[in-house]
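S.K.: Predicted coordinates and the sequence they were generated for:
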Amino acid sequence: MSVSTEELARPGVGGGLAEVFRTRFLLKLLVRKELKVRYRGSVLGLLWSYVKPGVQFIVFYIALGVFLGLENSPRNPNGLPNYAIYLFSGIVLINFFTEALGNASRSIVHNGGLIKKIYLPRELFPVASVWVSAVHFFPQLVILVAACVFAGWHPSVFQLAAAVGGFAIVGLLATGLGLLFGAVNVYFRDSENFVDMLLMVATWASPVMYAWTMVADKLGQFWFTVYQFNPITVGVESFHFAFWLPTTDGSTPLPPNLLQFWMPVALLVSAGVLLVGQATFRRLEGRFAQEL
Amino acid sequence: MPTAIEVKNINKQFVLRHTRSIKEAIVWLVKGRKGDLSEKFHALHDVSLEIDQGEAVALLGFNGSGKSTLLKHISGVMVPDSGTVRTRGRVAGLIEVGAGFHHDLSGRDNVYLNGAILGMTEEQINERFDSIVEFAEIGKFIDTEVKFYSSGMYLRLAFSVAVHTDPEVFLVDEILAVGDEPFQKKCIEKIQELAAEGKTLVVVSHDLDLVSRICDRGILLERGNITFDGPIEQAVATLRA
């Protein structure tokens, strides 16, 4: 006879993200499942994670760097030196954000069959989406580092730490927004379309393709400050600082106060978004099972 | 015996939403909220019940009477609009077995994934893995992707994972009709064995003969209300009348 000594407890009341940490074994399996299933039946398999950003990079580099003249050359002295690396270091981060948020926003509806039948911490699904994207980010990072080394990369420990910080900022932001839009998507399927639009804007609302100085020149001080409140802008700039700057002669200036002021601000903004996302998620999750 | 499940005055209303886009909601607001945007449906009406540890209880009623909804409240999938549900110990469901299965993964991966979904730890799954495979009679197919399984194999494996989760409270929803005759018998024997071990069982089934064999208490639901709660024979007789 097994008599439980535990207290009576209310089922279905989750502990939020802390609960995800407690069920990390399940999180690991969900991530592994996604990775296994993603490229099933394809010949190239995981190689697609290299091929897709590679092609994207070539297209952007030719269109923007060569045709629109962002690359520095003898005929174009105002261009950016090593534009290829400048571009790619931003693209990998934006790709991570796009994939993470896009999949996280769809994750609850996508896993509706399970959520309707079995209770488990539902935060697992958006978190797993972000995690999977982080795994896909890794091969791109390898390519980026290889290109950097080829271009004479000599980073300092401090610069590498900045890249880790930038990645954390973007990861937190994607998780927070993913929880928010993933939960809202259960009630209004408009949410995922809104996210698609947001992601399109996000690519251009941070200095991925162009230099921040162009924005500062056109917008003026006030609007440029607003522009910098976007955590992705700070994330991308930190990647430029870590990967692109050490391959140049270092004469191109960073946005003022990037590390001392804007990095902490971006971390706070991302953490704030995460809190709001988590709070919204917990308010809405009680009715997931009946709305899906 | 201490209480395993305590349900106190729970109410549940479902909103039968007619619209699912912001556009339609705005049009409705602009038109001066004409017509009902949503229609409500009372699925559970002030339901209270207590189930002691070691009891085997059947929830009976016709389709749409609220049995599965009640079960979902006990498992925590749904939260009541008012009232409280409390449970003691780990609750696991044999609810639509295979809900957590993924077609493109092998049987082995699915055992781990589904086991973890049902709340098992890594060590527990490792320890019970052989027993799970043996009970499911899957044998060498364990490393084959489950999409190549026959429907019987699929259900056997899913059921096997579920019965190996070893929770304090077992919720069983309409899954006793799995597999062929011999396996069905094996499942029923397993469930009876669990009941004999003193596990709490809550069974939803339309197979009245079967539930009378497994359970000793029957609760009758009708349109979200409890209309009878007592010995299983009487409950079945009332439903059949």
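M.R.: Looks like it came in fine.
S.K.: Measure how buried the closest residue to A:F224 other than its chain neighbours is and give me the count.
M.R.: Ranked by C-beta to C-beta, 6 or more residues apart in numbering or on different chains and with sequence neighbours excluded, the top spatial neighbour of A:F224 is A:A216, at 4.7 Å. The way it works is simple: take the backbone N, C-alpha and C, and place the C-beta from them, glycine included. As a burial measure, A:A216 scores 18 neighbours (other C-beta atoms under 10 Å in any protein chain shown).
S.K.: cool, and the one 10 residues further on?
M.R.: Residue neighbour count, defined by other C-beta under 10 Å, stands at 10 for A:V226.
S.K.: Which secondary structure element is home to the residue nearest to A:F224?
M.R.: helix A:212-228 (DSSP states H and E).
S.K.: What are the contacting residues of that helix?
M.R.: The contact list for helix A:212-228 (C-beta atoms under 8 Å, 6 or more residues apart in numbering or on different chains) reads A:205, A:207, A:233-234, A:237, A:253, A:255, A:262.
S.K.: Give the other helices and strands that the host helix or strand of B:E123 contacts.
M.R.: Assigned by DSSP H and E, B:E123 belongs to helix B:122-136. Helices and strands touching helix B:122-136, as assessed by 3 or more C-beta pairs under 8 Å, 6 or more residues apart in numbering or on different chains; DSSP states H and E, comprise helix B:107-117, helix B:151-163.
S.K.: Could you check the angle the longest one makes with helix B:122-136?
M.R.: Using axes from the mean of the first three to the mean of the last three C-alpha atoms, to 10 degrees, the interaxial angle of helix B:151-163 with respect to helix B:122-136 works out to 140 degrees.
S.K.: wait, does helix B:151-163 contact chain A?
M.R.: No. Helix B:151-163 lies out of reach of chain A by C-beta under 8 Å from any C-beta of the partner chain, never closer than 10.1 Å.
S.K.: So which residues of chain B form helices?
M.R.: Using DSSP state H, the helices of chain B run over residues B:22-30, B:67-75, B:107-117, B:122-136, B:151-163, B:181-196, B:208-214, B:232-240.
S.K.: Same list as before, those helices that is, but in TSV and with distance to B:A58 and mean neighbour count included.
M.R.: Output for the helices of chain B, formatted as TSV (distance: least, C-beta to C-beta, whole Å; neighbours: other C-beta atoms under 10 Å in any protein chain shown):
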stretch	distance to B:A58	mean neighbour count
helix B:22-30	42	12
helix B:67-75	9	24
helix B:107-117	26	23
helix B:122-136	24	16
helix B:151-163	18	22
helix B:181-196	11	15
helix B:208-214	4	16
helix B:232-240	6	16
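S.K.: can I get the ones you listed in TSV with mean pLDDT?
M.R.: As requested, the helices of chain B are exported to TSV (pLDDT from 0 to 100):
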stretch	mean pLDDT
helix B:22-30	77
helix B:67-75	88
helix B:107-117	91
helix B:122-136	93
helix B:151-163	85
helix B:181-196	83
helix B:208-214	85
helix B:232-240	88
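S.K.: Dump the ones you listed into TSV; add distance to B:G224 as well.
M.R.: Formatted as TSV, those follow (distance: least, C-beta to C-beta, whole Å):
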stretch	distance to B:G224
helix B:22-30	28
helix B:67-75	8
helix B:107-117	29
helix B:122-136	37
helix B:151-163	27
helix B:181-196	27
helix B:208-214	20
helix B:232-240	16
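S.K.: rewinding a little: now distance to A:P155 too, for the helices and strands packed on helix B:122-136, in TSV please.
M.R.: Below are the helices and strands packed on helix B:122-136 laid out as TSV (distance: least, C-beta to C-beta, whole Å):
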stretch	distance to A:P155
helix B:107-117	39
helix B:151-163	48
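S.K.: With respect to B:K140, which of these lies nearest?
M.R.: Between B:K140 and the helices and strands packed on helix B:122-136, the shortest separation by C-beta to C-beta is 10.0 Å, and it involves helix B:107-117.
S.K.: Show me what the closest one is packed up against.
M.R.: By 3+ C-beta pairs under 8 Å, 6+ apart, helix B:107-117 packs against helix A:24-38, helix B:122-136, helix B:151-163.
S.K.: I figured A:E7 hits B:G89, correct?
M.R.: No. Counting by C-beta atoms under 8 Å, A:E7 does not reach B:G89; the two are 9.6 Å apart.
S.K.: What are the contacting residues of stretch A:32-41?
M.R.: A:45-46, A:48, A:128-129, A:132, A:135, B:102, B:104-105, B:109, B:113.
S.K.: Kindly report the same for stretch B:134-153.
M.R.: Counting by C-beta under 8 Å, 6+ apart, B:101-108, B:110-111, B:133, B:154, B:156-157, B:159-161, B:163-164, B:178-180, B:183, B:186, B:190 sit against stretch B:134-153.
S.K.: before we move on, back to that, using a markdown table, please lay out the helices and strands packed on helix B:107-117 together with distance to A:Q56.
M.R.: Shown next, in a markdown table, are the helices and strands packed on helix B:107-117 (distance: least, C-beta to C-beta, whole Å):
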| stretch | distance to A:Q56 |
| --- | --- |
| helix A:24-38 | 18 |
| helix B:122-136 | 38 |
| helix B:151-163 | 40 |
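S.K.: residue contacts, B:N9?
M.R.: For B:N9, the contacting residues are B:46-48, B:82-84, by C-beta under 8 Å, 6+ apart.
S.K.: A:L267 in helix, strand or coil?
M.R.: Under DSSP: H, G, I helix; E, B strand; the rest coil, A:L267 falls in the helix class.
S.K.: Find the nearest non-adjacent residue to it, please.
M.R.: A:I169 (5.7 Å).
S.K.: I'd say that neighbour and A:P231 touch.
M.R.: Yes. Counting by C-beta under 8 Å, A:P231 is a contact partner of A:I169 at 5.0 Å.
S.K.: and the closest residue to chain A within chain B, how many neighbours?
M.R.: Closest approach between chain B and chain A, counting by C-beta to the nearest C-beta: B:G76, at 2.8 Å. By the criterion of other C-beta under 10 Å, B:G76 has 21 neighbours.
S.K.: mind listing what it touches?
M.R.: By C-beta under 8 Å, 6+ apart, the neighbours of B:G76 are A:10-13, A:119, B:85, B:87, B:91.
S.K.: So which bits of chain A are right by chain B?
M.R.: Counting by C-beta under 8 Å from any C-beta, chain A sits next to chain B at A:1-4, A:6-13, A:23, A:25-26, A:29-30, A:32-33, A:36-37, A:40, A:113-120, A:187-190, A:286-287, A:289-291.
S.K.: Would you mark the buried spots in whatever helix or strand A:M197 lives in?
M.R.: For A:M197, the host element (DSSP H and E) is helix A:190-204. Buried residues in helix A:190-204, counted by 16 or more other C-beta atoms under 10 Å in any protein chain shown: A:191-192, A:194-195, A:198-199, A:202-203.
S.K.: Check stretch A:22-32 too.
M.R.: Taking 16+ other C-beta under 10 Å as the criterion, stretch A:22-32 shows A:23, A:25-27, A:29-32 as buried.
S.K.: again, but for stretch A:60-71
M.R.: Buried, per 16+ other C-beta under 10 Å, within stretch A:60-71: A:60-61, A:64-65, A:70-71.
S.K.: ditto for stretch A:128-146
M.R.: A:128-134, A:136-137, A:139-141, A:143-144.
S.K.: contact partners of that stretch?
M.R.: So stretch A:128-146 is contacted by A:27, A:30-31, A:34-35, A:38, A:46, A:49-50, A:53-54, A:85, A:88-89, A:92, A:95-96, A:99-100, A:103-104, A:107, A:153, A:171, A:174-175, A:178, A:243 (C-beta under 8 Å, 6+ apart).
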